[in-house]
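[1] Sequence and computational prediction follow.
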Amino acid sequence: MKKKIIMRGMAGFPIGIAVGYVITIVISLVWANGFYAPCVPELISAMGSEIKAVILQAFLCGLLGIGAAAGSVIWEIDHWSILKQTGCYFLLLSAIMIPVAYFNYWMEHSVTGVASYFVIFVVMFILIWVVQFAIGKKNVGKLNANLYKAKRDQKERNGNS
């Protein structure tokens, strides 16, 4: 289990950076009037230069990727209920996401800003969880149908022998 956590975490760092980069492209397309905005102006001001801000943001996105990827092993703990898995993964992701968002200035630095960001995070987490659950349920249904069919076919072959 420890090896799996470490391996996923290592893979998660570049994935986190890549996801962060894609998000900056999308945000630039929507709000930057034809320009590329690698990070928010507040982060640039706080860091003193754009390159320092971009480096910090990339590093923090990488850390977020590590946490999300390494934490994904929670979903493989079969003796835990789906509620316990969800709760633990949510707490882990929250403990990483909120500070990363705060230090990257993705939220207003106030109680209202943190609360608003957290509500958005919760809504996004729930939406992604529901979609993933529905996909998983559909896949289990297909597996069960295939097993039922294979069992039925086996009985027919045994009955006809």
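    That came through, no problem.
[2] rest of the way, CA atoms for contacts and neighbours
    OK.
[3] In the protein, which residue is most central in space?
    Centroid-nearest residue in the chain, with CA atoms, centre = their mean: residue 68, separated by 5.5 Å.
[4] Check the secondary structure at the nearest residue to that residue once chain neighbours are set aside for me.
    With sequence-adjacent residues excluded and distances taken as CA to CA, 6 or more residues apart in numbering, residue 68 is closest to residue 93, at 6.4 Å. Put simply, residue 93 is helix when judged by DSSP: H, G, I helix; E, B strand; the rest coil.
[5] Please verify my assumption that residue 93 contacts residue 69.
    No: here residue 93 lies out of contact with residue 69, judged by CA atoms under 8 Å, at a distance of 10.0 Å.
[6] and the helix or strand hosting residue 124, how far out from the chain's middle?
    Assigned by DSSP states H and E, residue 124 belongs to helix 111-160. Distance of helix 111-160 from the chain centroid (CA atoms, centre = their mean, to the nearest Å) equals 17 Å.
[7] Repeat that for stretch 49-57.
    Computed by CA atoms, centre = their mean, the chain-centroid distance of stretch 49-57 equals 23 Å.
[8] quick one: low-confidence parts of this structure?
    Applying pLDDT under 70 to the chain picks out residues 160-161.
[9] What backbone torsions are found at the residue nearest to the centre of the chain?
    Torsion angles at residue 68 (phi, psi; degrees, to the nearest 10) stand at phi -70, psi -40.
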